[in-house]
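*Asks:* Fold the following and give me the result.
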Amino acid sequence: VVMAFDEEGQAATADEKIRICKRSYDILVNKVRFPPEDIIFDPNVLTIGTGMEEHSNYGVDFINATKVIKEQCPYVKISGGISNLSFGFRGVTKIRESI
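*Replies:* Down below sits the predicted model:
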């Protein structure tokens, strides 16, 4: 499993997720000769319930990045910790359960 982190930290935007996963794919497949069908990317589903405006698009960024990663990195699989979406909704049970 390859997490979407690099020397600059954790990928937050769709563009960062795509860039990091594509870079990892190229290294693994072209340099290391690792089978692409054995690669699982986790492009980081980040919390949407923080109340901070800059976090409001995290769910959409994950979905959009996943689509492009699958297009640019043939045969890979995608994993994501969906529970992270509701992490910021502590104490608001109805919202957490609906997500």
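
*Asks:* Read off the pLDDT value for the most centrally placed residue in the chain.
*Replies:* By Cα atoms, centre = their mean, the chain has its centre lying nearest to residue 43, at 1.8 Å. Note for residue 43: predicted pLDDT of 93.

*Asks:* Tell me if I'm right that it and residue 17 touch.
*Replies:* Yes: contact criterion Cβ atoms under 8 Å: residue 43 and residue 17 qualify, at 4.0 Å. Bear in mind the C-beta positions are built from the backbone N, C-alpha and C, glycine included.

*Asks:* Which residues are in contact with residue 46?
*Replies:* Taking Cβ atoms under 8 Å, 6 or more residues apart in numbering, we find residue 46 in contact with 10, 12, 55, 58, 61, 62, 84.

*Asks:* Helix, strand, or coil at it?
*Replies:* What DSSP: H, G, I helix; E, B strand; the rest coil gives for residue 46 is coil.

*Asks:* Repeat that for the one 4 residues further on.
*Replies:* The local conformation at residue 50, judged by three-state DSSP, is coil.

*Asks:* What about it, how many residues nearby?
*Replies:* Number of residues near residue 50 (other Cβ atoms under 10 Å) recorded here: 14.

*Asks:* With residue 53 instead?
*Replies:* For residue 53, the neighbour count with other Cβ under 10 Å is 7.

*Asks:* ditto for residue 51
*Replies:* The local packing of residue 51 (other Cβ under 10 Å) involves 9 other residues.

*Asks:* circling back to that earlier point, any common contacting residues for residue 43 and residue 17?
*Replies:* Counting by Cβ under 8 Å, 6+ apart, the shared contacts of residue 43 and residue 17 are 4, 11, 62, 65, 69.

*Asks:* Filter the contacts of residue 46 down to the buried ones.
*Replies:* Listed as buried from those are 12, 55, 58, 61, 62, 84; burial here means 16 or more other Cβ atoms under 10 Å.

*Asks:* Skipping adjacent residues, who's closest to the third one in space?
*Replies:* Right, residue 58. Spatial nearest neighbour of residue 58, chain neighbours left out: residue 46 (4.1 Å); criterion: Cβ to Cβ, 6 or more residues apart in numbering.
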